[in-house]
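**Student:** Turn this into a structure:
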Amino acid sequence: MSGVPDARAPGSATAAADPSAIVRLSTAYWDSQVLLTANRLRLFDALAGGARSADEVAAELALDARSTALLLRACAGLGLLELEGERFRNAPAAAAFLVSASPAYMGNVIRYSDQLYGAWGQLEQSLRSGRPALPAESYLGDDQARTRGFVLAMHERALGIARALVAVLDLSGRRALLDVGGGPGTYSVLLTERHPGLRAEVLELPGVAAVARELVAAAGAAERVQLRDGDYHVADFGHGKDVVLMSGMFHRESAADCRGLVERAVACLEPGGLLVVSDVFTDPGGAQPVFAAMFGLNMMLTAPAGGVHADADVQGWMRACGLADIRTVPLPPPMPHRVVLGVKP
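**Tutor:** Numbering: from 1, shown residues only. Down below sits the predicted model:
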């Protein structure tokens, strides 16, 4: 009688809607915690030698047997393990990426996500305060153990991204690369390996650079990749470069700072020099792809100016600085990254 439609009535919008996706989202962290906890416990290492019972896994990891059986079944349900009667073995993906002896090990990447779990629990506080839940200084130098874990995680993640980037980036004939905020130096190592004669300078914060030097040396690339301590916000970019790479940086910076970085990169490039900006970017509007939109929230929680930008905006900043031949190249799936290229006339 009030004129308000009955939400339960056939044909109403509510009756036609399906709440399954909402319910699934409300428990999505269950899946995450299973993976993060199993990785933290090195459960996949315990199964590296073959199928084992829950009791055997529990005994090796000093866990409660009944609880371990529940975790193992959950891992099997998620496709991380395979169940053979009462015994469990690593599924192929877990064996490749979650066993520490594997050359494709990504455990440090997963461990970094584990460290961010608490920060995501403070999303509301960060939305109210406008400040990150996890101070960037803690993993960029102040806390040595955390910094080391962060750099190793970025190295493992960068290995896959850099191999994809190397495949789409032609640096033939180029000699001098400036890798701004280059983290573990992984991109420079692989690019200089692919292009003989190319030498790279990686500009990075001292705490990060200290770990990167170890990784560069371990890769046998110390003669072609040089680490330079410095904060890219204020450090001199130098001159005479024919390539400037800015990868995984813009998500830490405001739009104004990104444009300033593009201007400084263009200034240090020789005529004909190439600017390469690689990151997780959104479409115009910022809501798609959904991973990029979520990644923006993750960066808001972990960096004072953290967020996400559209690759169309990066193209605009390059255009405003006089670059030509500007284009965006998406890296192949499952990589969520896009590469924006521009040439100095």
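
**Student:** drop to CA atoms for contacts and neighbour counts, all remaining ones
**Tutor:** Will do.

**Student:** ok, longest strand in this structure?
**Tutor:** In the chain, taking DSSP state E as the definition, the longest strand is strand 269-282.

**Student:** helices or strands up against that one?
**Tutor:** strand 241-247, helix 290-302, strand 309-310, strand 337-343 (3 or more CA pairs under 8 Å, 6 or more residues apart in numbering; DSSP states H and E).

**Student:** Reformat the ones you listed as JSON lines; add distance to residue 158 and mean pLDDT.
**Tutor:** Conversion of the helices and strands packed on strand 269-282 to JSON lines gives the following (distance: least, CA to CA, whole Å; pLDDT from 0 to 100):
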{"stretch": "strand 241-247", "distance to residue 158": "10", "mean pLDDT": "97"}
{"stretch": "helix 290-302", "distance to residue 158": "16", "mean pLDDT": "96"}
{"stretch": "strand 309-310", "distance to residue 158": "20", "mean pLDDT": "98"}
{"stretch": "strand 337-343", "distance to residue 158": "11", "mean pLDDT": "97"}
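
**Student:** Tell me which of the ones you listed sits most buried.
**Tutor:** Among these, judged by mean count of other CA atoms under 10 Å, the one packed with the most neighbours on average is strand 241-247 (a mean of 24).

**Student:** in its sheet, what does that strand sit against?
**Tutor:** In the sheet, strand 241-247 lines up against strand 176-180 (parallel), strand 269-282 (parallel) (DSSP bridges).

**Student:** just those: most buried one?
**Tutor:** Mean neighbour count (mean count of other CA under 10 Å) peaks for strand 176-180 among the strands paired with strand 241-247, with a mean of 25.

**Student:** Could you point out the helix or strand that follows it?
**Tutor:** helix 186-194 (DSSP states H and E).

**Student:** Which residues does the helix or strand that that following helix is followed by contact?
**Tutor:** Next helix or strand after helix 186-194 toward the C-terminus (DSSP H and E): strand 199-204. Contacts with strand 199-204, where a contact means CA atoms under 8 Å, 6 or more residues apart in numbering, come from 175-183, 185, 188, 192, 224-232.
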